[in-house]
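[1] the sequence and its predicted three-dimensional model are supplied below.
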Amino acid sequence: MENQNKDNKVNTDKSRNNNLPKVFLHGPLHGPPNFSVTILRPNPSHNFHILNPSSILPLQQFIATNPHHASSIAAIVTINLHPVNADDIRLLPSLRFICTPSAGTNHIDLSECRRRGIQVANAGNIFSADVADMAVALLIDVSRKISAADRWLRRQLHATSWDFPLGSKLTGKKIGIVGMGRIGSEVAKRLEGFNCMISYNSKNKKPLVSYPFYSTVLELATNTNALILCCELNDQTRYIVNKEVMLALGKGGIIVNVGRGGLIDEKELLRCLTEGEIGGAGLDVFENEPHVPKEFFSLDNVVLSPHAAVVTSGSFNGICQLVERNLEAFFSNKPLITPVI
Ligand SMILES: O=CC(=O)O
């Protein structure tokens, strides 16, 4: 009798799941904290059913082994390491929604989504404070040589500042923010506390922002001591920091990148750092992640971080809930919580 009840429950669950819209969790899973697996856990209260819940397979491989699912997938959840391009979208005739737990959406072919009427949601504002904290931390670390001093002290085993090269002052510096959106404005707020003189570049001058605006990154670099890159990566911003910009920033200049690696010509950055054409860099993102050019490792004027600006334990639950809420809203025909398109 007990077994019979269990069997009935399994059959009921199966038929409920069969009738629910299908959400594909794009894989493969990657290292701790296993973001792709924990970002969306199956729950009987969901108004959708998750395919690939362990996020083991990438989309194309999943469809190759489960071709019957191609026509039933209505939504995809994908982290920024797993692109969704026009070829992926073409595989899924019922796809109507892509939800990413990233703030950036450069891994999703947005024009194809627009063309096909597919809605997209992202992380909205959830990570802005964490990313801004990290940007300022990298700027302070590079300016005051904190990581370099830590390495030095561990090698020398004695503490005296006299043998260690001087850091440079952050207080009162001219800082150029590239991208005055949610993250850029949080960075500006923090740097005001250091009496920094802030100016910015973005696609358009913002009527409500009182900081000086430069219409090109070259002009911004010419007039500031450090650039902080907070903008999105797209065809207009790729390599927005090139050789000319780095030379304009000058020998004491610092670049902090918490946006995307493709915003900087990475080979040129390496050359400028090695040859002392700029003073230093704090990098959370790289051009061909997860690959990081090993030439960076031997440079003491660089602080590296493994694309870790976004998630803190404090914001992780928030992003998991946001993904669920966006999916629930989409499948209830309600407005998305954090729509991109
Ligand atoms: O880089 C991470 C994000 O875009 O959220």
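    Yes, it's here.
[2] look up how far the ligand lies from the residue nearest to residue 257 when sequence neighbours are not counted.
    Of all residues not flanking residue 257 in the chain, residue 229 sits nearest, at 4.5 Å (C-beta to C-beta, 6 or more residues apart in numbering). Any C-beta I mention is one placed from the backbone N, CA and C, and that applies to glycine too. Relative to the ligand, residue 229 is positioned 12 Å away (C-beta to the nearest ligand atom, to the nearest Å).
[3] what number of residues lie near residue 229?
    28 (other C-beta atoms under 10 Å).
[4] now residue 88: phi and psi?
    phi -60, psi -40 (degrees, to the nearest 10).
[5] am I right that it is in contact with residue 62?
    No. At 10.6 Å, residue 88 does not count as touching residue 62 under the criterion of C-beta atoms under 8 Å.
[6] which ones are touching the residue nearest to residue 257?
    By C-beta atoms under 8 Å, 6 or more residues apart in numbering, residue 229 lies in contact with 178, 179, 240, 241, 255, 256, 257, 258, 259, 263, 264.
[7] pull the number of nearby residues for the fifth one.
    A count of neighbours around residue 255, defined by other C-beta under 10 Å, yields 30.
[8] ok, now residue 90?
    Every residue meeting other C-beta under 10 Å relative to residue 90 is counted, giving 11.
[9] about what we covered before: quick check: phi and psi on the residue nearest to residue 257?
    According to degrees, to the nearest 10, residue 229 has phi -90, psi 120.
[10] and it, bridged to which residues?
    For residue 229, the beta-bridge partners are residue 178, residue 257 (DSSP bridges).
[11] so what's the residue count around residue 232?
    Neighbour tally, residue 232, other C-beta under 10 Å: 17.
[12] equivalent analysis for residue 223, please.
    With neighbours defined by other C-beta under 10 Å, the count for residue 223 comes to 15.
[13] just the pLDDT at it, thanks.
    Per-residue pLDDT puts residue 223 at 98.
[14] correct me if wrong: it contacts residue 211.
    No. Using C-beta under 8 Å, residue 223 is not in contact with residue 211; the gap is 11.8 Å.
[15] intersection of neighbour lists for these two?
    Common contacts of residue 223 and residue 211 (C-beta under 8 Å, 6+ apart): residue 199.
[16] picking up where we left off before, any idea of the pLDDT on the residue nearest to residue 257?
    We have a pLDDT of 98 for residue 229.
[17] 6 is where my numbering starts, stick with that
    Happy to do that; since the first residue is 6 now, the last one works out to residue 234.
[18] domains of the chain?
    Domain assignment for the chain, taken from automatic domain parsing, gives 7-131+318-336, 133-309.
[19] can you tell me the closest non-neighbouring residue to the residue of the stretch 206-346 of the chain found nearest the ligand?
    Closest approach of the stretch 206-346 of the chain to the ligand (C-beta to the nearest ligand atom) occurs at residue 315, with a separation of 4.3 Å. Closest residue in space to residue 315, ignoring its immediate chain neighbours: residue 132 at 4.4 Å, by C-beta to C-beta, 6+ apart.
[20] what's the burial count for that neighbour?
    Here the number of neighbours of residue 132 (other C-beta under 10 Å) works out to 25.
[21] do you know how far it is from residue 267?
    Between residue 132 and residue 267 the computed distance is 19 Å (C-beta to C-beta, to the nearest Å).
[22] do the same with residue 323
    Taken as C-beta to C-beta, the span from residue 323 to residue 267 is 27 Å.
[23] neighbour count winner among the two?
    When neighbours are counted by other C-beta under 10 Å, residue 323 and residue 267 differ, and residue 267 comes out ahead with 20 against 17.
[24] any idea how far that one lies from residue 189?
    18 Å.
[25] low-confidence regions, this protein specifically.
    Applying pLDDT under 70 to the chain picks out residues 6-19, 21, 34-42.
[26] can you pull out the helices in it?
    With helices called from DSSP state H, the chain shows them at 7-24, 40-43, 64-70, 91-95, 115-121, 133-149, 151-161, 187-197, 222-227, 248-254, 271-279, 318-336.
[27] ok, which of those comes nearest residue 304?
    Nearest to residue 304 among the helices of the chain is helix 271-279 (5.5 Å), distances taken as C-beta to C-beta.
[28] so what secondary structure elements neighbour that closest one?
    helix 248-254, strand 285-288 (3 or more C-beta pairs under 8 Å, 6 or more residues apart in numbering; DSSP states H and E).
[29] can I get those in JSON lines with mean neighbour count and distance to residue 158?
    Shown next, in JSON lines, are these (neighbours: other C-beta atoms under 10 Å; distance: least, C-beta to C-beta, whole Å):
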{"stretch": "helix 248-254", "mean neighbour count": "20", "distance to residue 158": "29"}
{"stretch": "strand 285-288", "mean neighbour count": "26", "distance to residue 158": "19"}
